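J.: what's the 3D shape of this:
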Amino acid sequence: MKLLALLSLTLLSGAAAADVLAPGFQSNVVPYPTGLAIRTLDDGTLVTCDGLLVQRWLPSGALIGTVGSFTVAGPVGAFAVAPSQNFVLVGNSTTGEMIRCNVNGGPQNSAGTVLGNFDAVFLNDTFAVVSAAPCGTDCGTTLVKLSALTGFQTNLAAVEGDPGPVALDFNKNLFYGTVDPSQAADSTEIVQFDEADVDNPPPPAFQANQGLVVIEIESVPAAGSWTPSTTFPGFTGTSYYRWDGPDLFSNPGVDPLIYQFDITDPGDYEFHLHNRHEDPQPDQENDCWVKVDNGPWLKVFSNMGAATVGVWNWHSIAEDGGGAQFQAEYNLGVGRHTVQISGRSNGFKIDRMVFFRDYVSDGLDLAKPQSTFASLNLSNTTTLACCFDGATDLVYDNEVDQFFLAENNSVLGTNRVVNVLKTGVSANYVIGDPFNTIANLDFTHEDDTGVYISFQPPNNGELSYTRTDGGALNERRVLEPARPVLSITGPGAATGLGITQVAVDGAFPNGVVLYFFAAAGTLAPFEYPIFLMGLPLIHTAFLSEVKVLPPPHIADPTGSTSFVFNNTLGTTDVFALQAVITDILGEVLGSSTINLL
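T.: Residues are numbered from 1 along each chain as shown. You can find the predicted model right below:
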């Protein structure tokens, strides 16, 4: 709808220090037990975690009881409600402890360990997807498929950047909000992993991160004459491999070690082996065969004289069949690649290998962790929407097929709640004071008679969030649609005779207000929805013989309009009045309350 494109341009300011809301919405403070992580169940009760205890509360803020606890207190990471509403999955982001707590009481169970867990969404009552940074900031984000019952886990996807929020739509497609560690403006995207890939992912491979692939040699079993060893310290991982077979100077491909990896940033990649050779002659027992994809087998050797004898080193020079020597380098496109290593010189030792782009300055740093072994990456996604300043929470409304994103950026000071449609159109619903934080985004439906969009009756859903300035301000608010209110005042309204004012407040700023009337006796006992553009935008009790009261009226910049007339009916409650609200382009947004004249 055109409204969504206009909302961010026509925001209404609230009181000092209050959030700025889009037209057609209202916000109220609600109870916030413990002041930390919080989720809302469908029955209105609340589940919170303060970093140690998981507790359930009445909507009023009264404690029902404790339903779980962590072994050690720490910052709350992942926190998700199961589809059945019977239990929650909660994570300690520092220790990685994951617990499954029954909200109705009973023993909790361990759901394993996911270090650096940040957010979670359930695929069903058994499995959830958890976003996490298991090795800090050096290897990006991993989306872990986790059994909340047993803790069994597999790496579903690897995504560059800091961990972001996850959400699931009604088709079981998985959505993820990317997070740029530098918090650059417009750097966040919401991307979609298709349900088919989530449900049946391809075989895993090592995933490049920011132009770097790191693979430990022992990540595949030693084949044939390759022998694991730990004799010489200075290796990474759990061991290195030594070629104990014969010299094979003209016979590549014997007992190959085969590794697969995925590239998301195409280009030229240097290749290096962390290797070691003991022979005093630097050109002896110093090489192996290497093949990438369908390319030729190349001799890769290490020889910088005595400097590379009896020490672990990265010197890796390739030699082709014609004797030409060059720094080992491969041009790699987006997608899956295969590297094979086979023995050439008896006694040659290999610890790990790396591929990296020319902009990577620390590709040979042994502190770099091994690349994530996962099935999917960003090349397996489509972009739903882009150019946000951050992503803290992401929730989904299946009735309108829309998302709500909590956008926070500590560098730019941004903190907003953004509505994002499946079309990619987005609009700011809430703008917080600069450098505040909006978190704990939560969406619940209240009934099935309407939908959660602007200018609608407020009982069609609640979007709750918390906001804090890191100091005294720490509150939870509910954002609801605000329906325009039609009022009739003056002597003519009270007695049926005299000056009468009809006013509408809460319409779209500078939009159109069109009045309708009908005999009061024809009203239905309750309002019913009228669908426009596939949505129940208008709610009315008018049943028949509805007439237009011309002319159309233009709301002022605050969304208000009124007209005055001299009532000569001499009676009251004879006619029912209601207004239909449009935006400045004439697109219908909703209907006002009904009042009697």
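J.: going forward, measure contacts and count neighbours with C-alpha atoms only.
T.: Fine.
J.: give me the beta-bridge partners of Ser110?
T.: Listed beta-bridge partners, Ser110: Ile99 (assigned using DSSP bridges).
J.: for Gln55, see how far away it is.
T.: Using C-alpha to C-alpha, to the nearest Å, one obtains 17 Å as the distance from Ser110 to Gln55.
J.: and what of Arg467?
T.: Applying C-alpha to C-alpha, one obtains 21 Å for the distance of Arg467 from Gln55.
J.: Asp262 - that's part of a strand, no?
T.: Yes: assignment of Asp262 by DSSP: H, G, I helix; E, B strand; the rest coil places it within a strand.
J.: report pLDDT for it.
T.: According to the per-residue confidence, Asp262 scores 98 in pLDDT.
J.: next one: Thr10
T.: Note for Thr10: predicted pLDDT of 30.
J.: cool, Gly450 as well?
T.: Taken from the predicted model, the pLDDT recorded for Gly450 is 80.
J.: contacting residues for it?
T.: Applying C-alpha atoms under 8 Å, 6 or more residues apart in numbering to Gly450 gives the contacts 456-457, 459-460, 529, 536-537.
J.: just the buried subset of those residues, please.
T.: If you count burial by 16 or more other C-alpha atoms under 10 Å, the buried members of the contacts of Gly450 come out as 456-457, 459-460, 536-537.
J.: can you list the residues you listed in TSV and add pLDDT and distance to Asp262?
T.: Formatted as TSV, the buried ones among the contacts of Gly450 follow (pLDDT from 0 to 100; distance: C-alpha to C-alpha, whole Å):
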residue	pLDDT	distance to Asp262
Gln456	93	47
Pro457	91	49
Asn459	82	48
Asn460	82	45
Pro536	84	46
Leu537	87	47
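J.: could you find the closest non-adjacent residue to Trp57?
T.: Counting by C-alpha to C-alpha, 6 or more residues apart in numbering, Leu63 is the residue found nearest to Trp57 once chain neighbours are left out, at 4.5 Å.
J.: isn't that neighbour right up against Arg56?
T.: Yes: at 6.3 Å, Leu63 counts as touching Arg56 under the criterion of C-alpha atoms under 8 Å.
J.: rewinding a little: with secondary structure added, can I get the buried ones among the contacts of Gly450 in TSV?
T.: Conversion of those to TSV gives the following (three-state DSSP):
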residue	secondary structure
Gln456	coil
Pro457	coil
Asn459	helix
Asn460	helix
Pro536	strand
Leu537	strand
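J.: closest one to Thr593 out of the residues you listed, please.
T.: Sorting those by distance to Thr593 puts Pro457 at the head of the list, at 8.8 Å, by C-alpha to C-alpha.
J.: which residues touch that closest one?
T.: By C-alpha under 8 Å, 6+ apart, the residues touching Pro457 are 450, 481-483.
J.: so which of these are in strands?
T.: Among the contacts of Pro457, the members found in strands (DSSP state E) are Pro481.
J.: and the contacts of Pro457, which are buried?
T.: The neighbour-count test (16+ other C-alpha under 10 Å) applied to those identifies 450, 481-483 as buried.
J.: would you list these in a markdown table and tack on distance to Phe348?
T.: Conversion of the buried ones among the contacts of Pro457 to a markdown table gives the following (distance: C-alpha to C-alpha, whole Å):
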| residue | distance to Phe348 |
| --- | --- |
| Gly450 | 71 |
| Pro481 | 70 |
| Ala482 | 73 |
| Arg483 | 76 |
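J.: now for those residues: which two are most distant?
T.: Longest distance between any two of the buried ones among the contacts of Pro457 is 13.0 Å, between Gly450 and Ala482; criterion C-alpha to C-alpha.
J.: shared neighbours, these two?
T.: 456-457.
J.: hmm, back to that, okay, Leu63 and Arg56: which has more neighbours?
T.: Arg56 (27 against 15; other C-alpha atoms under 10 Å).
J.: list the buried ones in stretch 323-335?
T.: Going through stretch 323-335 with 16+ other C-alpha under 10 Å, the ones that come out buried are 328-330, 332.
J.: same deal with stretch 383-402?
T.: Buried residues in stretch 383-402 (16+ other C-alpha under 10 Å): 384-386, 388-397, 402.
J.: ok, so of the residues you listed, who is nearest Val425?
T.: Nearest to Val425, judged by C-alpha to C-alpha, of the buried residues of stretch 383-402 is Ala385 at 7.3 Å.
J.: distance of that closest one from Ala427?
T.: Ala385 sits 11 Å away from Ala427, going by C-alpha to C-alpha.
J.: now do the shared contacts for those two.
T.: With the criterion set as C-alpha under 8 Å, 6+ apart, the overlap between the contacts of Ala385 and Ala427 is Val420.
J.: need the contact list for the nearest residue to Pro529 once chain neighbours are set aside.
T.: When the adjacent residues along the chain are set aside, Pro529 lies closest to His539, with 4.4 Å between them (C-alpha to C-alpha, 6+ apart). Contacts were defined as C-alpha under 8 Å, 6+ apart; by that measure His539 touches 527-530, 590-591.
J.: before we move on, what about Thr142?
T.: Counting by C-alpha under 8 Å, 6+ apart, Thr142 touches 131-134, 155-159, 163, 372.
J.: which strand residues bridge it?
T.: Per DSSP bridges, residues listed as beta-bridge partners of Thr142: Ala132, Ala158.
J.: do His274 as well
T.: With DSSP bridges applied, His274 shows beta-bridge pairing to Arg352.
J.: is it correct that it is in contact with Trp314?
T.: Yes: at 4.7 Å, His274 counts as touching Trp314 under the criterion of C-alpha under 8 Å.
J.: tell me which of those two has more neighbours.
T.: Here His274 and Trp314 are set side by side on neighbour count (other C-alpha under 10 Å), and the busier one is His274, at 23 against 18.
J.: about what we covered before: neighbour count winner among Ser110 and Gln55?
T.: For Ser110 versus Gln55, neighbours defined as other C-alpha under 10 Å are more numerous around Gln55 (23 against 16).
J.: roughly how far does that one sit from Pro266?
T.: In this structure, Gln55 and Pro266 are separated by 48 Å, where distance is defined by C-alpha to C-alpha.
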